[in-house]
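Peer 1: Sharing a model prediction with you, sequence too.
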Amino acid sequence: MHSGLCWSFQATSVRHNIASSSRQGLRRIAAMSQKDTNGAAAAAADPRLTKLRELMAKADGGKGVAAYIVPTEDPHMSEYPPDHFRRREYLTSFTGSAGTALVTADKALLWTDGRYFLQAEAELGPGWTLMRGGTGTCPELNDWLSDNLPEGSRIGFDPFCHTVDSINKLKARLQENGLEAVPLLADGNLVDGAWGSDRPSLPLTPLRVHEARWAGKTIKDKLVEVRQALAVAHADCFLATTLDEVAWLYNLRGNDVPYNPVFVSYALVSMTDAVLYTNPAKVPPPVADHLKEGGVIVRPYDSLVPDVRSKASGKAIIAMDFSKVSYAVYQAAEEAAAAGPRGRKRTAADAVVASNGTQQQKHAVVDLSSPVVNAKALKNSAELEGMREAHLRDAVAICDFLEWLGDKIGSGGTLTEVEVDLELTGRRQQQQGFNEPSFPTIAGANSNGAIIHYRPQEGSCKTVDGNTLLLIDSGGQYDCGTTDITRTFHFGNPTAHQKRCYTRVLQGHIALSQAIFPEGTPGSAIDALARLPLWSDGLNYRHGTGHGVGAALNVHEGPQSISTRYWITTPLQVGMICSNEPGYYEDGGFGIRIENLLVIQEADTKFRFGGSTFMAFEDLTLVPIQTKMIDPALLTPAEEQWLDDYHRKVREAVSPRLAGKPAVLEWLKRHTAPVREQLAATGIAAATKAAVAVPVA
């Protein structure tokens, strides 16, 4: 699955109350979003936009704002926020995981990327305009604001939902044309005011300990690493704000966010103590004992900002990652530091001497690339063992499902895309340690497969039958690891064009899987390997080729990426896990994607130029790749050998776990036979050989 994402400071608690979660508010609002052919009239009639614009006019003590930005992100910059924080989804009815809404007095705009264009067109509420980001013809949001609003306009935003880096960029661009970015603190998030009592509460699900056998490191081990980074940065404490950072650091998991085993929280680590900020009611005795043993104390979630202010006013230097921490928390620290202890203004005694001999005000906050993010990305041996085990369990479930699906369709049966999801998830639920899917299953039949992050819904989904080209992108969260796999199947007779496109995607997948590259190489440097076969036919895809994956954590993880996003310069390193998922999509026609997860390991090369270590990939995913869709005339002998070797690996690894499922085991053997044997069984190889035979003179 691709990645490639408010209260007054005088208050003593954050405005987010911890309570039980509910999706009913979102469902009721989604039902309101009916299409209207008259966009302007529809916009005026949409009660969400009407109420939001009323609040915009009254914001900031009556000064008002000309525009209001509503991002996907929550106070923890989550790609998938808890329902309580799904403000952009509530406002727009667009359910994709990436997008930013902008509302002015007469316009409602949504920016998203190429993964979601078709989905956004189908889901956007009345009166909304889709801004197709990344196409080269669509202005970025900051540019649109600067170029379209008059000088002196005030742009409102919730500082809890934007990072320090993003607001600094926004301010700089707006100032070029005389506009002002206004953090609306006392007003709270304006969308919450429009949402009202239908807004879901935060969940109360208890936390659980992540087993030591899968974590590989204790809390104390991890705190040592963070404190070493603090010493290098000359800081007194580090604030972790993203939910997967906190979960990894304290070896805990939760259920506050669907598909992601995380919980609403912060972590603050100093040289002498460590604090978990969450709802204490969510901490059962086993978790409390686990935290006590690790040297961690629990404080209420609401206490984070007051504690940050207290430390900053006491001259502590707090390290934060400006690309992840909210502008609100950063601003709280800086304001408290400027005021000094108990409100005392800073004096010359509080200044530091710069290298040129001048005195400069000492900042309370330093920007530090999160040491937790970097450590979390480099999987230790226990985490890798857990990920391998998770993929074996997943392979059993998927092979069981595919054997059943082939029989059903082959006997003339049909099922809906929703039923595909239910049947597959049901088989995962039978596996040891399964908790939940790692993201909503994408089961796209024919044209729905071209919607990159499509999610089938009852009443509108397609039927799968013997003439269907079906794309299934799915994954599981297990106690030991996280999976993410995509396979594309045809249950009848694919067209020559579909087979050619599928083969080009497969060739790109193989090329990346076989890549060997030197240390220090960022993912952007090898992304083209997966695209070259498609480019040779004038084809491409509008998403990244690979994203990082957490170990029993979020299915999308940084800092690494394999994509055309050249500004992500994080080098690929041994122990990182990435997806390999080239694809091809024809709007209104079909979608093709083949995805495995890969772990980076040291390559056994004959030479080491300049003493460099070279790296290669190992496939973690262990599920057959359909050969019916292959055009064998396009495959090189080396590519055919790769596929045979991969299928041999799958057969040898998964067969022992299917001893009690003879029908599934037989299915696995057939679908992992050498490519030529599989094609011969369908008559494809013979037909291809005849078609390309050259007459003897």
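Peer 2: Right, received. Where do you want to start? The structure displayed is predicted, hence computed values, not measured ones.
Peer 1: Where does pLDDT dip in the chain?
Peer 2: Along the chain, segments meeting pLDDT under 70 span 1-45, 341-362, 684-697.
Peer 1: Give me the most central residue, it.
Peer 2: Nearest to the mean C-alpha position of the chain, by Cα atoms, centre = their mean, lies His556 at 3.6 Å.
Peer 1: Torsion angles phi and psi at that residue?
Peer 2: Backbone torsions of His556, given as degrees, to the nearest 10, read phi -110, psi 120.
Peer 1: same check, this time on Ile562
Peer 2: Main-chain torsions, Ile562, degrees, to the nearest 10: phi -110, psi 100.
Peer 1: and what of Pro522?
Peer 2: Reported as degrees, to the nearest 10, the phi and psi values for Pro522 are phi -80, psi 160.
Peer 1: how much space is there between Val165 and Phe322?
Peer 2: That one is not Val; residue 165 is Asp. Remark: distance between Asp165 and Phe322 (Cβ to Cβ, to the nearest Å) = 5 Å. To be clear about C-beta, it is placed using only N, CA and C from the backbone, and glycine gets the same treatment.
Peer 1: Looking at those two, which is more packed in?
Peer 2: Remark: of Asp165 and Phe322, Phe322 carries more neighbours, 18 against 15, as counted by other Cβ atoms under 10 Å.
Peer 1: Chain neighbours aside, what residue packs nearest to the more buried one?
Peer 2: Among residues not flanking Phe322 along the chain, Val164 sits closest, at 4.0 Å (Cβ to Cβ, 6 or more residues apart in numbering).
Peer 1: which residues touch that neighbour?
Peer 2: Taking Cβ atoms under 8 Å, 6 or more residues apart in numbering as the criterion, Val164 is in contact with 320, 322-323, 325-327, 330, 367.
Peer 1: ok, Met576 to Val650 distance?
Peer 2: 23 Å.
Peer 1: My error: substitute Tyr478 in the last question.
Peer 2: Applying Cβ to Cβ, the value for Tyr478 to Val650 is 19 Å.
Peer 1: who has more neighbours, those two?
Peer 2: Using other Cβ under 10 Å, the more surrounded residue of Tyr478 and Val650 is Tyr478, with 26 against 21.
Peer 1: and the more buried one, what are its bridge partners?
Peer 2: In this entry, Tyr478 is beta-bridged to Phe434, by DSSP bridges.
Peer 1: That one against Arg388, yeah?
Peer 2: No: Tyr478 is not in contact with Arg388 according to Cβ atoms under 8 Å; the separation is 11.3 Å.
Peer 1: ok, back up a step: who wins for neighbours among the contacts of Val164?
Peer 2: For the contacts of Val164, neighbours tallied by other Cβ under 10 Å; top is Val325, 28 neighbours.
Peer 1: Which positions within stretch 606-618 qualify as buried?
Peer 2: By 16 or more other Cβ atoms under 10 Å, the buried positions in stretch 606-618 come out as 614-617.
Peer 1: An error on my part: the question was meant for stretch 544-552.
Peer 2: Buried residues in stretch 544-552, counted by 16+ other Cβ under 10 Å: 544-552.
Peer 1: Alpha carbons only: can I get it in PDB?
Peer 2: Provided in PDB are the C-alpha atoms of stretch 544-552 (Å, rounded to 0.1, in the frame of the first residue of the first chain):
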ATOM      1  CA  GLY A 544       5.800   6.200  -5.000                       C
ATOM      2  CA  THR A 545       7.400   2.800  -5.600                       C
ATOM      3  CA  GLY A 546       8.100   2.000  -2.000                       C
ATOM      4  CA  HIS A 547       7.400   3.100   1.600                       C
ATOM      5  CA  GLY A 548       8.900   2.000   4.900                       C
ATOM      6  CA  VAL A 549       6.900  -0.400   7.100                       C
ATOM      7  CA  GLY A 550       6.900  -0.700  10.900                       C
ATOM      8  CA  ALA A 551       7.400  -3.900  12.900                       C
ATOM      9  CA  ALA A 552       4.000  -4.600  14.400                       C
END
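Peer 1: can you map out the helices along the stretch 501-650 of the chain?
Peer 2: Per DSSP state H, counting those that start in this stretch, the stretch 501-650 of the chain carries helices over the ranges 527-535, 637-654.
Peer 1: Tell me which of these sits most buried.
Peer 2: Sort the helices of the stretch 501-650 of the chain by mean neighbour count, taking mean count of other Cβ atoms under 10 Å, and helix 527-535 sits at the top with a mean of 19.
Peer 1: ok and it relative to helix 637-654, angle-wise?
Peer 2: Relative orientation of helix 527-535 versus helix 637-654 (axes from the mean of the first three to the mean of the last three Cα atoms, to 10 degrees): 120 degrees.
Peer 1: Show me what helix 527-535 is packed against.
Peer 2: Judged by 3 or more Cβ pairs under 8 Å, 6 or more residues apart in numbering; DSSP states H and E, the packing partners of helix 527-535 are helix 496-513.
Peer 1: Go ahead and confirm the residue nearest to the centre of the chain touches Ile577.
Peer 2: No: when contacts are counted by Cβ under 8 Å, His556 is not listed as touching Ile577 (11.5 Å).
Peer 1: okay, and the common contacts of the two?
Peer 2: Residues touching both His556 and Ile577 by Cβ under 8 Å, 6+ apart: 548-549.
Peer 1: Distance of the residue lying closest to Asn142 once chain neighbours are set aside relative to Ile167?
Peer 2: For Asn142, ignoring the flanking residues on the chain, the nearest one in space by Cβ to Cβ, 6+ apart is Arg173 at 4.1 Å. Distance of Arg173 to Ile167, computed by Cβ to Cβ: 11 Å.
Peer 1: quick one: which of the two has more around it?
Peer 2: Between Arg173 and Ile167, counted using other Cβ under 10 Å, Ile167 has the larger neighbour count: 21 against 18.
Peer 1: For that one, give me its contacts.
Peer 2: With contacts defined as Cβ under 8 Å, 6+ apart, the neighbours of Ile167 are 157, 159, 181, 183, 327.
Peer 1: Quick one: list the elements packing against the strand or helix carrying the third one.
Peer 2: According to DSSP states H and E, Ala181 maps onto strand 180-183. Contacts defined by 3+ Cβ pairs under 8 Å, 6+ apart place strand 180-183 against strand 154-157, helix 164-176, helix 327-339.
Peer 1: Pull out the buried residues from that strand.
Peer 2: Buried residues in strand 180-183, counted by 16+ other Cβ under 10 Å: 181-183.
Peer 1: again with stretch 423-443
Peer 2: Quick answer for stretch 423-443 (16+ other Cβ under 10 Å): 423-425, 427-428, 431, 433-443.
Peer 1: Of the residues you listed, which belong to strands?
Peer 2: Those of those mapping onto strands are 434-437, 442-443, per DSSP state E.
Peer 1: and the two most separated of these?
Peer 2: Farthest-apart pair in those is Asn435 and Ala443; separation 20.5 Å (Cβ to Cβ).
Peer 1: all helices of the stretch 1-150 of the chain, in order?
Peer 2: Here the stretch 1-150 of the chain has its helices, by DSSP H, counting those that start in this stretch, at 24-30, 39-45, 47-58, 87-92, 117-123, 141-148.
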